[in-house]
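> Sharing a model that was predicted from the sequence below.
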Amino acid sequence: MMARTTCAVLSLILAMPGIIAYTGMASERSNPPFAKPAKAGPPSSSSDYDVADRQKAITVPFVLDHNRVFVELVFVKPDGTIRKARAFVDMGDQNLTFTELLAEELQLDQDKKLQIRIAGTSLVFDEGKLTAQAVPDGSIISAAGTVEANFPAILLMNYDVVFDYKARTMTLAAPGTVQHEGVRVPCRVNPKTGLVSIEIAVGKQSYAVTIDNGSAYTWVAKRVASGWINAHPDWSRGVGAIGHANMNGREGEAGALLLRVPLIAAGSLQLQQVGVAGYTEMFDHVEMFDWYSKKAPEPVVGFIGGNVLKSFRIEVDYAHKATYWSQQSPIETDDMDQVPLVLQPAQDGSFTVIGIFTKNGKKQMDGVLVRDKLIKVGDLATKSATFGAVIDALHGPPGATRTLVLERGGKQLTVTAQIVGF
């Protein structure tokens, strides 16, 4: 049997071969009325912990949408039947989250045992350390009901985890069994939540941030972004979270500062031309990143998100508190070249304009009003699309145009919108 780390919250037992399963999160949402601990199964026998089987790494494919990682989950329902669900892998949250419909099917409100399988391995949860919660259908990552669960940090932390963005695969391996690749960056791990933080430097100033693949973009506290802008008036900047910086569609994203940081260093790791959003909002009567810091290993000013991570193969060695970064492609520098709209997705799959990007104090688009509904982008009907697909449809080379169908006051209108270069 392999020794578990002190921060482990789950054990692995053998199960049906060939099954893929996971769970992920919807981090900025408050807990719903239903929030119960996930029930543990009976203790596994010693034969379940055969060393040879525990040493096997599990590699599964993932879908990348809106710079976020999605996998297929398989749950075993109380009647023994299989229930597949699309799940969101999120290093930025500790809670196991389900849609209300899935939670009802699994009968979690009746204290039914929760069974999840991944590539032939079942996960058995420590009842005292894992919390399951339900949210309204369609509200996990605002993906029109297509995402039904998550795979949170507290489940990932018992493994060596590798996200290979070029290959679109995620590997879960026993601690100490992965061949390290790339630049080593030490990290801290919160043993109660599984969140991971690293130290970065911008100029001569150091900051603590988390690594959060559940976040589509790199965000920092607005006060930090304002300080960078004041110190570097030559840096490109604007107001309004466009592109993948338009991460969740919260009202405050319309006023977010958007900038490009020429260099972020994490030890010997050099991150060049990084797009960053400066954001602030009150969560439970405290500023967002003060709230977020409560689940991080230390006080943090932000997180490194998917716009950076997708250019790397990243390993998180939770047991030895280290991350390894192998760059596979340059960080995108055209990711903010967009039709300059800030959008808010709804649970029914619709998208509403909540802001228009401004640059040098000037609004970058006419003909669209706040609270217009975006019905189509070219041939893409937004109500049947993911947030990532809509963002991608609004992206392109500066000067190119997109035909938008909007709804205003119950009537539809068509607007030709130009893509604005950041």
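Everything's here; your move.
> Quick check: beta-bridge partners of the closest residue to residue 171 other than its chain neighbours?
Using Cβ to Cβ, 6 or more residues apart in numbering and skipping the chain neighbours, the partner closest in space to residue 171 is residue 162 (4.1 Å). (Glycine included, C-beta is placed from N, CA and C.) Following DSSP bridges, residue 162 is listed with bridge partners residue 171, residue 315.
> what's the distance between residue 205 and residue 268?
18 Å (Cβ to Cβ, to the nearest Å).
> hang on, I meant residue 235
Distance, residue 235 to residue 268, using Cβ to Cβ: 24 Å.
> same thing with residue 238?
Residue 238 sits 31 Å away from residue 268, going by Cβ to Cβ.
> These two - which one has more neighbours?
Ranked by neighbour count (other Cβ atoms under 10 Å), residue 238 and residue 268 place residue 238 first, with 22 against 9.
> Quick check: which helices or strands does the host helix or strand of that one pack against?
For residue 238, the element it lies in under DSSP states H and E is strand 237-239. For strand 237-239, the packing partners by 3 or more Cβ pairs under 8 Å, 6 or more residues apart in numbering; DSSP states H and E come out as strand 257-266, strand 358-359.
> quick one: average confidence on the shortest one?
Mean pLDDT, strand 358-359: 94.
> so how far is that strand off the chain centroid?
Its chain's C-alpha centre and that of strand 358-359 lie 27 Å apart, by Cα atoms, centre = their mean, to the nearest Å.
> which other residues reach that strand?
Applying Cβ atoms under 8 Å, 6 or more residues apart in numbering, the contact partners of strand 358-359 are 237-240, 364, 420, 422.
> so which of the residues you listed is the most crowded?
Among the contacts of strand 358-359, the one with the most neighbours (other Cβ under 10 Å) is residue 240, at 25 neighbours.
> any idea how far residue 146 is from residue 384?
Residue 384 sits 10 Å away from residue 146, going by Cβ to Cβ.
> between these two, which one's more packed in?
residue 146 (15 against 10).
> Check the gap between the nearest residue to residue 316 once chain neighbours are set aside and residue 88 for me.
Nearest residue to residue 316, sequence neighbours excluded (Cβ to Cβ, 6+ apart): residue 161, at 4.8 Å. Separation of residue 161 from residue 88 (Cβ to Cβ): 15 Å.
> Looking at these two, which one has more neighbours?
The neighbour comparison of residue 161 against residue 88 (other Cβ under 10 Å) goes to residue 88, with 29 against 24.
> pretty sure that one is in a strand, no?
Yes: under DSSP: H, G, I helix; E, B strand; the rest coil, residue 88 falls within a strand.
> Isn't it up against residue 146?
No: counting by Cβ atoms under 8 Å, residue 88 does not reach residue 146; the two are 10.2 Å apart.
> Which pLDDT value goes with residue 128?
Turning to residue 128, the model gives it a pLDDT of 66.
> name the helices or strands packed onto the longest helix anywhere in the chain?
In the chain, with assignment by DSSP state H, the single longest helix is helix 222-231. Counting contacts by 3+ Cβ pairs under 8 Å, 6+ apart, helix 222-231 packs against strand 257-266, strand 269-279.
> Would you mind writing the CA trace of the last one as PDB?
Written as PDB, here are the backbone C-alpha positions of strand 269-279 (Å, rounded to 0.1, in the frame of the first residue of the first chain):
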ATOM      1  CA  LEU A 269      10.100  30.800 -15.100                       C
ATOM      2  CA  GLN A 270       9.500  33.800 -17.400                       C
ATOM      3  CA  LEU A 271       5.900  34.500 -18.500                       C
ATOM      4  CA  GLN A 272       5.900  37.100 -21.300                       C
ATOM      5  CA  GLN A 273       3.200  39.400 -22.500                       C
ATOM      6  CA  VAL A 274       0.600  38.200 -20.100                       C
ATOM      7  CA  GLY A 275      -3.000  39.500 -20.400                       C
ATOM      8  CA  VAL A 276      -4.300  40.400 -17.000                       C
ATOM      9  CA  ALA A 277      -7.700  41.700 -15.700                       C
ATOM     10  CA  GLY A 278      -7.800  43.800 -12.600                       C
ATOM     11  CA  TYR A 279     -11.000  43.100 -10.700                       C
END
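> next one: the helix or strand just after it to chain centre, how far?
Using DSSP H and E, the helix or strand that follows strand 269-279 in sequence is strand 282-283. Offset of strand 282-283 from its chain centre (Cα atoms, centre = their mean): 19 Å.
> Give me the sheet partners of strand 282-283 and which way each runs.
Paired neighbours of strand 282-283 in the sheet (DSSP bridges): strand 286-287 (antiparallel).
> Report the mean per-residue pLDDT for whichever helix or strand comes after the partner strand.
Remark: after strand 286-287, the chain's next helix or strand is helix 288-293, criterion DSSP H and E. Helix 288-293 comes out with an average pLDDT of 96.
> looking just at contacts, which helices and strands does helix 288-293 meet?
Looks like helix 288-293 contacts strand 219-221, strand 282-283 (3+ Cβ pairs under 8 Å, 6+ apart).
> Return the most buried member of the ones you listed.
Comparing those on average neighbours per residue, with mean count of other Cβ atoms under 10 Å, the densest one is strand 219-221 at a mean of 26.
> I would like the residues contacting stretch 71-81, please.
For stretch 71-81, contacts defined as Cβ under 8 Å, 6+ apart pick out 19-24, 60-63, 82-87, 89, 102, 105-107, 112-118, 148-149, 151, 170.
> Which of those residues fall within helices?
102, 105-106.
> Buried by neighbour count, from those residues: which ones?
Those of the ones in helices among the contacts of stretch 71-81 that meet the buried threshold are 102, 105-106, by 16 or more other Cβ atoms under 10 Å.
> Make CSV from the residues you listed and add distance to residue 306 and pLDDT to it.
Listed next are those as CSV, based on distance: Cβ to Cβ, whole Å; pLDDT from 0 to 100:
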residue, distance to residue 306, pLDDT
102, 24, 92
105, 30, 92
106, 29, 90
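> Mind pulling up the pLDDT for the nearest residue to residue 165 once chain neighbours are set aside?
Distance criterion Cβ to Cβ, 6+ apart; nearest residue to residue 165, sequence neighbours excluded, is residue 310 at 4.6 Å. Listed pLDDT for residue 310 reads 98.
> Need phi/psi at residue 310.
Main-chain torsions, residue 310, degrees, to the nearest 10: phi -70, psi -10.
> before we move on, back to that, can you add distance to residue 288 and mean neighbour count and give the helices and strands packed on strand 237-239 back as TSV?
What follows is these, written out as TSV (distance: least, Cβ to Cβ, whole Å; neighbours: other Cβ atoms under 10 Å):
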stretch	distance to residue 288	mean neighbour count
strand 257-266	14	20
strand 358-359	22	17
